[in-house]
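**Student:** quick one, what's the 3D model for this:
(one chain, ligands or ions: 2)
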Amino acid sequence: MIIQCRKNISESQIDRLAATCEGVVVNYDSNVFVVTPSALKAVDAQFDSIIDTSWVMDSDIQLSSRKFKSDTRKINIGKCTTGGNQTLLTIGPCGVESEEMIEQTAKLIVGSGLSTIRAGAFKPRTSPYSFQGMGEEGLKLLARMREKYGLSVVTEVRDSTHVQMVLEYADVVQIGAKAMYDHGILRACGRSQKPILIKRGFGTTLQEFVQAAEFVLSGGNPNVLLCERGIRTFETKSRFTLDLCGVAYLKEYTNLPVILDPSHAMGYAYGVSDLARACMAMNVDGLLIEVHPDPSVAKSDAAQQLNHDTFGKLFESLKPIAAAVGRTIV
Ligand code: PEP
Ligand code: MN
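**Tutor:** Ligands and ions are numbered 1, 2, ... in the order given. Next up is the predicted model:
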């Protein structure tokens, strides 16, 4: 149950309500809420005088639910505002590898009229012997691209040891598929007001995915974006399976902007452009596509990254699809 408290109620009254309902006090959108387990369906009448509005919820998809907030949340990311008729197209390499390659990427983005650069400085690799990212040096290079080219920076946090550092450098903090369950990261991101892009774990149900987002929301940060990037199925010919049915669910039942990442789902560059067009046709709030100046030498996710030429052609082909669904790409 979500309970919105009346204005000018004392902290002790709110705490008493929260303790009685076993709820969490959440400062959210300039109001104070008490969010209880969804199993609770009514509050004792003694609290009537301090309650403004309340919502009875079916599950612990609560603050992210359309039942609570019926329109998609507007989140400002540089020149883009999600939740309206803009689609954020965030591109860049899997990881920052050098100043030269990240600058080539920044120039491609600016030349395309786009507004964000994405690249990881902390890479959550499956093997400890693979490239782990440039760490803070990579974050500094991304910050330089922001200063030089006016781009907003989307970059990921791998674990809770460097979450504060990433929060300082990033305009959007990405929580990757493998980090999605890390409550240290989720709670730290909940204490910030920075936009947080959470990727769905590849073995995660939609319920678990959205509940991960609830950890950030219930910390008081409403600026969460959900990213579908493929789940693991019995199929082995593609790296993962992009769950477009899941995207339809997220759009219907949650109030958070939805981003689609065809690159990590497909795992091979040959399928990414077709998938990206299908994603655009789903009228989503964002697309995340991995692009590298020379994918053949990429230190991570080499097989799936598009070169600049292929990206240019894809971008042109996305524009009429965006227009057909009433969107502009930023
Ligand atoms: C990435 O975006 O480069 C990445 C590591 O993605 P995921 O967490 O979805 O695997
Ligand atoms: Mn990657």
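**Student:** now the closest residue to Leu108 other than its chain neighbours: how far from Met101?
**Tutor:** Nearest non-adjacent residue to Leu108, counting by CB to CB, 6 or more residues apart in numbering: His308, 5.2 Å away. For glycine as for every other residue, the C-beta is placed from the backbone atoms N, C-alpha and C. To Met101, His308 is 11 Å away according to CB to CB, to the nearest Å.
**Student:** sec struct for the residue positioned nearest the centre of the chain, please.
**Tutor:** Geometric centre of the chain, nearest residue: Leu197, 1.8 Å, by CA atoms, centre = their mean. Classification of Leu197 using DSSP: H, G, I helix; E, B strand; the rest coil returns strand.
**Student:** how many neighbours does the nearest residue to Met57 once chain neighbours are set aside have?
**Tutor:** Counting by CB to CB, 6+ apart, Met57 lies nearest to Ser38, which is 4.4 Å off, once chain neighbours are set aside. Using other CB atoms under 10 Å, Ser38 has 16 neighbouring residues.
**Student:** got a pLDDT number for Ser38?
**Tutor:** Listed pLDDT for Ser38 reads 97.
**Student:** so it touches Ser65, yeah?
**Tutor:** No. Counting by CB atoms under 8 Å, Ser38 sits too far from Ser65 to count as a contact (9.8 Å).
**Student:** between these two, which contacts overlap?
**Tutor:** Counting by CB atoms under 8 Å, 6 or more residues apart in numbering, the shared contacts of Ser38 and Ser65 are Met57.
**Student:** for the residue in the stretch 1-150 of the chain that ligand 2 sits nearest to, give its distance to ligand 1.
**Tutor:** Ligand 2 sits closest to Cys94 of the stretch 1-150 of the chain, with a gap of 3.3 Å, by CB to the ion. Using CB to the nearest ligand atom, to the nearest Å, Cys94 is found at 4 Å from ligand 1.
**Student:** measure how buried the closest residue to that residue other than its chain neighbours is and give me the count.
**Tutor:** With sequence-adjacent residues excluded and distances taken as CB to CB, 6+ apart, Cys94 is closest to Asp301, at 3.9 Å. Asp301: 20 surrounding residues under other CB under 10 Å.
**Student:** how about Lys69?
**Tutor:** Lys69 is flanked by 18 other residues according to other CB under 10 Å.
**Student:** what's the answer for Val24, then?
**Tutor:** If you count neighbours by other CB under 10 Å, Val24 ends up with 15.
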